[in-house]
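In: just coords:
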């Protein structure tokens, strides 16, 4: 079983109950404590609380300043001296891997062994209805303008990516979410997540997906659920989602014209959400506007 040849890397921040539940689940799978490292950026109070759990379970752990990119890089730095591992598993602290998913992932690693696959993703089960933005993206006008694509897991020239969830069969993709992903040790250990993507580290997985040359496989039967779905409506996130998306387009020489088309649509929809769904979206909309001004005049 690949699981016992893997280092499981889990970033966490101020989620004491969730990280404890995740570690208990992994312990039930009889994974050795040395095969798990938690990189914790919690407040001092919560870190001390979590530390008791880590010591009890005898897991590896590190303290870090807040940044998923930085936390994952610290985990990779730790892994460099552990070359007896064949895989590195990236796992968020709020992920619930469903029954038999590790077994299905093991089958996929054997099945696709001869293919040049850089990472294998678990299949997120959402069971959520499409929101208004999803419907707008998928209409004929959006497709004609090159703003969207029907294929899941595709990176568009605008710097946006299509979602990957609820797939019915194994799927090759151009990007992968590192919320629940298995990477070959030699393919990932010398890579580095871009820490300039700010504290949210929003889109850092898209960035490193491009660095890994877009060679991924999502395993349909290896499913998982997010236990905590967060709807981001803050001013800070509104600002960062514009800045980081622009960084993706600039860094990887994508189309700025397509980027601006998509960003304007996104900003307008956040404004619509503020009036029709949640007034908190007005803060995100405001952040969008400041972010747009910033990239036009200062980038």
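Out: Structure received. Keep in mind that what you see is a predicted model, and the values were worked out from it rather than measured.

In: residue ranges with poor pLDDT in the chain?
Out: Along the chain, the parts satisfying pLDDT under 70 run over 127-147, 199-200.

In: Scan it for its longest helix.
Out: Using DSSP state H, we find that the single longest helix of the chain is helix 256-276.

In: what's the offset of that one from the middle of its chain?
Out: Put simply, helix 256-276 sits 22 Å off its chain's centre (C-alpha atoms, centre = their mean, to the nearest Å).

In: what's across from residue 161 in the sheet?
Out: Counting by DSSP bridges, residue 161 is bridged to residue 155.

In: ok, it to residue 194 distance?
Out: Residue 161 sits 16 Å away from residue 194 when distances are taken as C-beta to C-beta, to the nearest Å. Just so you know, the C-beta spots here come from the backbone N, C-alpha and C atoms, and that holds for glycine as well.

In: quick one: which of the two has more around it?
Out: residue 161 (22 against 17; other C-beta atoms under 10 Å).

In: That one contacts residue 155, doesn't it?
Out: Yes - in this structure residue 161 lies within contact range of residue 155 using C-beta atoms under 8 Å: 5.1 Å.

In: Pull up the overlap in contacts between these two.
Out: Residues touching both residue 161 and residue 155 by C-beta atoms under 8 Å, 6 or more residues apart in numbering: 174, 175, 206.

In: and those residues as JSON lines, adding neighbour count, distance to residue 121 and secondary structure?
Out: Formatted as JSON lines, the shared contacts of residue 161 and residue 155 follow (neighbours: other C-beta atoms under 10 Å; distance: C-beta to C-beta, whole Å; DSSP: H, G, I helix; E, B strand; the rest coil):
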{"residue": "174", "neighbour count": "20", "distance to residue 121": "12", "secondary structure": "coil"}
{"residue": "175", "neighbour count": "21", "distance to residue 121": "9", "secondary structure": "coil"}
{"residue": "206", "neighbour count": "22", "distance to residue 121": "13", "secondary structure": "helix"}
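
In: can I get those in TSV with distance to residue 20?
Out: TSV is the format used below for these (distance: C-beta to C-beta, whole Å):
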residue	distance to residue 20
174	35
175	31
206	30
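
In: Name the SS class of residue 223, please.
Out: At residue 223, secondary structure determined by DSSP: H, G, I helix; E, B strand; the rest coil is strand.

In: so it touches residue 123, yeah?
Out: Yes - counting by C-beta under 8 Å, residue 123 is a contact partner of residue 223 at 4.9 Å.

In: Comparing those two, which residue is more hemmed in?
Out: The neighbour count for residue 223 versus residue 123, taken as other C-beta under 10 Å, is higher for residue 123 (24 against 21).

In: any idea what the residue lying closest to residue 68 once chain neighbours are set aside is structurally, helix, strand or coil?
Out: The shortest distance from residue 68 to any non-neighbouring residue, by C-beta to C-beta, 6 or more residues apart in numbering, is to residue 201 (3.8 Å). At residue 201 the chain is in coil, as set by three-state DSSP.

In: residues near residue 201, how many?
Out: 24.

In: and the gap between it and residue 276?
Out: In terms of C-beta to C-beta, residue 201 sits 30 Å off from residue 276.

In: Same check on residue 258?
Out: In terms of C-beta to C-beta, residue 258 sits 27 Å off from residue 276.

In: Likewise for residue 105?
Out: With distances taken as C-beta to C-beta, residue 105 is found 40 Å from residue 276.

In: between these two, which one's more packed in?
Out: Neighbour count, other C-beta under 10 Å: between residue 105 and residue 276, residue 105 has more, with 25 against 10.

In: dump the residue contacts of residue 62.
Out: Residue 62 is in contact with 37, 38, 39, 40, 74, 75, 78, counting by C-beta under 8 Å, 6+ apart.
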